[in-house]
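J.: Please work out how this folds:
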Amino acid sequence: MSGSSLPYRRNHYDVTDRICISNPAEVRVAVAAIFRARYPGIDLQPLDHAFTTFGELYAGWLPGYFGCDTWYHDAQHSLDCALAMARLLDGHDRSVDAGRHLGPRRAVLGVVIALFHDAGYIRHAGDAASNGAEFTLTHVRRSAEFLARYLPQIGYAAEAALASRVVHFTGYEIALDRIDVSHRLDRMLGFLLGTADVLAQTADRCYLEKCRDYLYREFEFCGLAGARKEGGPAPVYRSVAELLTRTPEYNHKLWEERLDGYFGGAHHYLEAHFGGRNPYRESVEANLARIGTMIEDGSFAGLKLRPHVVGARELRIILTPQPQPTRPRSSTGSQRPRQAPARAKAA
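T.: Got it, this is the predicted structure:
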């Protein structure tokens, strides 16, 4: 694959170009299908509740919350992560002996954590921040607090404390070897979760454009980019060009230290799910080939994709059934059959 080419794929679709990952209903159906096939008789009511609550939280309909206003860490990313998590869970339990199966309850828990792993970016009543990106350095702890409050509502009170620790496998607030998860199956759940989070970001069709347009902007809000803010951290990136130039180095470090390192190559379980391929890795490699060619050429003009944020406003459109237009009656007094309303999708 050349550094300037990409396989056809729509911006709001998963790595297979089959599932609209901006639409919670489509992702829920896809995850449910995976779990029904892997775990016959599984109780999916907690998962249905979680997807409904996710939509309400990110759309700004959950009481006390303002909805998603971050750009890079938007609703689509978390839905993409949840789908990747379900696929990893399926691949894992396909690949290992029965004694190492994570099983249906851990599988549901894993997807719920994936859905809400970035809930800490959502501002709620009492927060002084003007944008959720200001919580970049503390968002995982805030996500853990949300999960601890939420899980008892779906019958997972016993796992609430565990989930508040497992979610830290997606972040940097606690060193990976300091996360207090001792059971080998629970740690594997964390490895799969951390893998899903990384792959959902870096395999996104518009990953590079989102780094340029959205991630740098979020870093400016929290002090990691641009001019240093009083009392803030030392900026890591001085410009968008520097962030893009260091993207290959950052990704190679992710694979060396996390995906192939601490997480033990858990990404290979995707090959079992997909029957030998790993389209996430293929997409990551395509993205890195694109950016590598641009760095060599000394120009980022090739970043021409146009990503769209799926924030609170966009999600409200997706989740709200559109009214059917009123059709005039015919001269005989009959009326054409009316079609069921369809859910809108982001462009």
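J.: Okay, buried residues for stretch 197-206 please.
T.: 197-206 (16 or more other C-beta atoms under 10 Å). Glycine gets a C-beta too; all of them are placed from N, C-alpha and C.
J.: so who does residue 146 touch?
T.: 116, 119-120 (C-beta atoms under 8 Å, 6 or more residues apart in numbering).
J.: neighbour-wise, which of these leads?
T.: residue 119 (27 neighbours; other C-beta atoms under 10 Å).
J.: Name the SS class of the residue lying closest to it once chain neighbours are set aside, please.
T.: Excluding the flanking residues, the one nearest residue 119 by C-beta to C-beta, 6 or more residues apart in numbering is residue 146, at 4.3 Å. Following DSSP: H, G, I helix; E, B strand; the rest coil, residue 146 is assigned to helix.
J.: Residue 146 and residue 140, how far apart?
T.: 11 Å (C-beta to C-beta, to the nearest Å).
J.: cool, and residue 249?
T.: 23 Å.
J.: Looking at the two now, which is surrounded by more residues?
T.: residue 140 (24 against 9).
J.: Okay, and residue 304 sits in which element?
T.: Secondary structure here is read from DSSP states H and E; on that basis residue 304 sits in neither a helix nor a strand.
J.: Next up, the contacts around it.
T.: residue 209 are the contacts of residue 304 under C-beta under 8 Å, 6+ apart.
J.: Tell me the pLDDT of it.
T.: You'll see residue 304 listed with a pLDDT of 96.
J.: any idea how far it is from residue 215?
T.: 18 Å.
J.: just checking, what packs against the biggest helix by length in the chain?
T.: Ordering each helix of the chain by length in residues (DSSP state H) puts helix 75-95 first. Helices and strands touching helix 75-95, as assessed by 3 or more C-beta pairs under 8 Å, 6 or more residues apart in numbering; DSSP states H and E, comprise helix 24-38, helix 45-59, helix 103-115, helix 184-202, helix 269-273.
J.: Show me what counts as buried in the following helix or strand past the shortest one.
T.: Toward the C-terminal end, the helix or strand that comes next after helix 269-273 (DSSP H and E) is helix 279-297. By neighbour count with 16+ other C-beta under 10 Å, helix 279-297 contains the buried residues 279-281, 283-284, 286-291, 294-295.
J.: For residue 22, state which of the residues you listed is nearest.
T.: residue 283 (17.0 Å; C-beta to C-beta).
J.: Is it correct that that closest one is in contact with residue 208?
T.: No. Using C-beta atoms under 8 Å, residue 283 is not in contact with residue 208, being 11.4 Å away.
J.: And the residue nearest the centre of this structure?
T.: residue 78 (2.5 Å; C-alpha atoms, centre = their mean).
J.: gap between that one and residue 261?
T.: Taking C-beta to C-beta, one finds residue 78 at 24 Å from residue 261.
J.: about what we covered before: closest one of the buried residues of stretch 197-206 to residue 55?
T.: Out of the buried residues of stretch 197-206, the member with the shortest distance to residue 55 (by C-beta to C-beta) is residue 200, at 17.9 Å.
J.: hang on, the closest one packs against residue 86?
T.: No. At 11.6 Å, residue 200 does not count as touching residue 86 under the criterion of C-beta under 8 Å.
J.: can you give me the offset of stretch 124-133 from its chain's centre?
T.: Mean-position distance between stretch 124-133 and its chain equals 21 Å (C-alpha atoms, centre = their mean, to the nearest Å).
J.: Endpoints of it, how far apart?
T.: 13 Å (C-alpha to C-alpha, to the nearest Å).
J.: Need the contact partners of that stretch.
T.: Contacts of stretch 124-133 (C-beta under 8 Å, 6+ apart): 64-66, 68-71, 73, 121-123, 135, 139, 217-219, 221-222.
J.: Narrow these to those in helices?
T.: 139, 217-219, 221-222.
J.: which of those residues has the most neighbours?
T.: residue 139 (24 neighbours).
J.: which residue sits closest to that one, ignoring its sequence neighbours?
T.: Per C-beta to C-beta, 6+ apart, closest to residue 139 is residue 120, 3.5 Å.
J.: do residue 272 as well
T.: residue 91 (3.9 Å).
J.: With residue 211 as the reference, measure out to that neighbour.
T.: 28 Å.
J.: Run through the protein and note the low-pLDDT ranges.
T.: 1-7, 324, 327-347 (pLDDT under 70).
J.: What count of nearby residues applies to residue 102?
T.: Neighbours around residue 102, by other C-beta under 10 Å: 20.
J.: from what I can see it touches residue 188, true?
T.: Yes. Between residue 102 and residue 188 a contact is recorded at 6.6 Å, counting by C-beta under 8 Å.
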